[in-house]
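build me a structure from this.
(one chain, ligands or ions: 1)
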Amino acid sequence: MEKRVRLRFAPSPTGGLHMGGVRTALFNYLFAKKHGGDFILRIEDTDQTRYVNGAEEYIINALKWCGIEPNEGVGFGDGPHKPYRQSERKELGIYKKYADKLLEGGHAYYAFDTAEELDAMRKRLEAAKVAAPQYNSVSRQNMRNSLTLSEDEVKKMLEDGTPYVIRLKVPRNEEIRFHDVIRGWVVVNSSQVDDKVLLKSDGMPTYHLAHIVDDIEMQISHAVRGEEWLPSAPAHILIYRYLGLEADMPKLAHLPLILRPDGQGKLSKRDKSGLPMFPLDWHDERTGESYVGYRESGFFPEAFVNMLALLGWNPGDNREIMEKAELIENFSFERVNKSGAKFDPDKTKWFNQQYLRKHTDEELANALMPTLEKNNVKADKKFVVEFCRLIKEKAHFINEFYDLGTYFFTAPTTWDEKVITKKWNDTSKVTYTKLNKKLAATSDWTHTGIQKIFDDAGVELGKLDMQLVRVLVSGVAGGPQLFDMMALLGKEECTKRISTALNALK
Ligand code: GLU
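Alright, predicted model coming up:
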């Protein structure tokens, strides 16, 4: 029988969740939803030395903002497999139980080596020109573990409370084959795999053991995670095998890396492409570093999620704008690429622009109101709605609206110097004073009405310079369609602004 589809996102609370982590969560979520399955948030906090305050809360808030909501897990309500924090699961004794099973089967052993001894081993191997020094089937023979020490010695050390770790006994020169949903069959020789630490004396498991125990106990059907875990997967296969659980293990999927915009290497959280690397603002208490978030930079969560979905996946055609429901309907691991996906900052802004345009002018106006209030702008709602209609064509973000169109609310006191230097001449004052009179005299102050005045005036006054008129009215060289802009500002305001400008210019 096919297993129920159950996927988990299993971050470690070692810092803010960066966008790569959000993408992992998203792909898990999309697949789970597509198959009517469960999506679980599990917090992998076994490495207490790397625990960062606030990280867990950040992860929960980031998932909420993105609308990637687990139906089970830390911060989202308990399900049948609580608790969902590994530090709490340790209390259940499950990790120890599985480690004991491996010990009993002769597939794991105690190792008592101190940090100094491990360091000396590494130096020895380096001196012997071993390319990748590791604790393995060869080097373990010279170390202090239950494979080299006598049974009595081991017993005594355990009784004395000598610190130890339990290591996986990886065989020498065996072929390990496993299937990855994205990469196909992967074959690795066991000589490349080290004897991973599974559990420490305080009973705390490492990631390698803990995630396997939890995936089994939580009946996970697919383990979907970043490519950085691919090298550890052969060891994981052995653990499942030695536990007698290989047939029950989740299907594996390793997601491709997200690359820097220039394709040169992995995207780092300190990337300088100008766009955020984190979904929400993140401040790391430990390092004092602060990072800006997509949310605080004015992105719509839908745009951020849409962009992330296409980082390494495609729907099989050239569709780009896809909201969550459509992503769910179309998602499959078969369409996830094996090779890295380049992060594209311009495209990311473009996505936001597309989502901006999906909003009604009314909605945009509501979102803009707080900014206007903050700037002490008093404008009636109808005016603001109309302003949004015009200005949105020029913007990627709502938070650009006010800066792009401040002149809609405040008359200019300076006029774009470049345009003036280039276009203002001896006859300008006379020409545009006449134009302004005609504007003042009209009773049809609409786009077409204003257009007609310009057409008629052009015949009488010669060619009028639209950009110059724009600068007289707004102070700046570019903006929404001129007649639309003038229609919204109103006749009185426009003619007043033009005469102020004409008086100020020599
Ligand atoms: N705790 C691991 C991480 O943060 C999870 C890897 C996995 O999903 O198995 O990368």
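
quick one: the strands in this structure, in order.
Assigned by DSSP state E, the strands in the chain fall at 6-9, 38-41, 72-73, 108-111, 165-168, 175-180, 184-189, 197-200, 222-226, 251-255, 258-259, 282-283, 290-291, 341-342.

export these to JSON lines and tack on mean pLDDT, mean neighbour count and distance to the ligand?
Quick note: C-beta positions are derived from backbone N, CA and C, even for glycine. Shown next, in JSON lines, are the strands of the chain (pLDDT from 0 to 100; neighbours: other Cβ atoms under 10 Å; distance: least, Cβ to the nearest ligand atom, whole Å):
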{"stretch": "strand 6-9", "mean pLDDT": "98", "mean neighbour count": "26", "distance to the ligand": "7"}
{"stretch": "strand 38-41", "mean pLDDT": "98", "mean neighbour count": "24", "distance to the ligand": "11"}
{"stretch": "strand 72-73", "mean pLDDT": "97", "mean neighbour count": "24", "distance to the ligand": "13"}
{"stretch": "strand 108-111", "mean pLDDT": "98", "mean neighbour count": "22", "distance to the ligand": "20"}
{"stretch": "strand 165-168", "mean pLDDT": "98", "mean neighbour count": "24", "distance to the ligand": "16"}
{"stretch": "strand 175-180", "mean pLDDT": "98", "mean neighbour count": "14", "distance to the ligand": "13"}
{"stretch": "strand 184-189", "mean pLDDT": "98", "mean neighbour count": "12", "distance to the ligand": "16"}
{"stretch": "strand 197-200", "mean pLDDT": "96", "mean neighbour count": "21", "distance to the ligand": "15"}
{"stretch": "strand 222-226", "mean pLDDT": "98", "mean neighbour count": "21", "distance to the ligand": "3"}
{"stretch": "strand 251-255", "mean pLDDT": "98", "mean neighbour count": "21", "distance to the ligand": "9"}
{"stretch": "strand 258-259", "mean pLDDT": "98", "mean neighbour count": "20", "distance to the ligand": "14"}
{"stretch": "strand 282-283", "mean pLDDT": "97", "mean neighbour count": "17", "distance to the ligand": "16"}
{"stretch": "strand 290-291", "mean pLDDT": "96", "mean neighbour count": "14", "distance to the ligand": "18"}
{"stretch": "strand 341-342", "mean pLDDT": "97", "mean neighbour count": "19", "distance to the ligand": "18"}
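
which one of the ones you listed lies nearest to Phe401?
strand 290-291 (25.0 Å; Cβ to Cβ).

now that closest one, how far from the centre of its chain.
Centre-to-centre, strand 290-291 and its host chain are 14 Å apart (Cα atoms, centre = their mean, to the nearest Å).

give me the helices and strands touching it, please.
Packing contacts for strand 290-291, counted by 3 or more Cβ pairs under 8 Å, 6 or more residues apart in numbering; DSSP states H and E, involve strand 282-283.

ok, and what's touching the strand it packs on?
Gly15, Gly16, Gly54, Tyr58, Glu289, Ser290, Tyr291, Gly293 (Cβ atoms under 8 Å, 6 or more residues apart in numbering).

what about the residue nearest to the last one when sequence neighbours are not counted, how many residues nearby?
Going back to what we said before, that points to Gly293. Residue nearest to Gly293 in three dimensions, not counting chain neighbours: Leu280, with 3.8 Å by Cβ to Cβ, 6 or more residues apart in numbering. Using other Cβ atoms under 10 Å, Leu280 has 19 other residues around it.

verify the stated contact: Leu280 with Tyr58.
Yes. Here Leu280 reaches Tyr58: they are 6.8 Å apart, a contact under Cβ atoms under 8 Å.

which neighbours do these two have in common?
Contact with both Leu280 and Tyr58 is made by residues Gly16, according to Cβ under 8 Å, 6+ apart.

need the residues of the stretch 151-300 of the chain near the ligand, please.
Counting by Cβ under 6 Å from any ligand atom, the residues of the stretch 151-300 of the chain close to the ligand are Tyr207, His211, Ala223, Arg225, Trp229.

repeat that for 5 Å
By Cβ under 5 Å from any ligand atom, the residues of the stretch 151-300 of the chain that approach the ligand are His211, Arg225.

could I get the full set of helices for the stretch 151-300 of the chain?
For the stretch 151-300 of the chain, the helices defined by DSSP state H, counting those that start in this stretch occupy 151-159, 207-217, 233-242.

and the ones you listed: which comes nearest Leu372?
helix 207-217 (49.7 Å).

neighbouring contacts of that closest one?
Contacts for helix 207-217 (Cβ under 8 Å, 6+ apart): 8, 10, 12, 42, 44, 46-47, 81, 86, 89, 94-95, 98-99, 168, 196-199, 205, 220, 223, 232, 235-236, 239-240, 243, 245, 248-250.

what about Asn145, how many neighbours?
22.

over to Asn306?
For Asn306, using other Cβ under 10 Å, the count is 22.

residue in the stretch 51-200 of the chain nearest to the ligand?
Scanning the stretch 51-200 of the chain for the residue nearest the ligand gives Gln86, at 8.9 Å (criterion: Cβ to the nearest ligand atom).

residue contacts, Arg144?
By Cβ under 8 Å, 6+ apart, Arg144 lies in contact with Ala111, Phe112, Asp113, Glu117.

what do you get if the cut-off is 10 Å, keeping everything else the same?
By Cβ atoms under 10 Å, 6 or more residues apart in numbering, the residues touching Arg144 are Tyr110, Ala111, Phe112, Asp113, Thr114, Glu117, Glu153, Val154, Met157, Thr162, Tyr164.

could you do Asp160 as well?
Taking Cβ under 10 Å, 6+ apart, we find Asp160 in contact with no residue.

off-centre distance for stretch 488-500?
With Cα atoms, centre = their mean, you get 46 Å for stretch 488-500.
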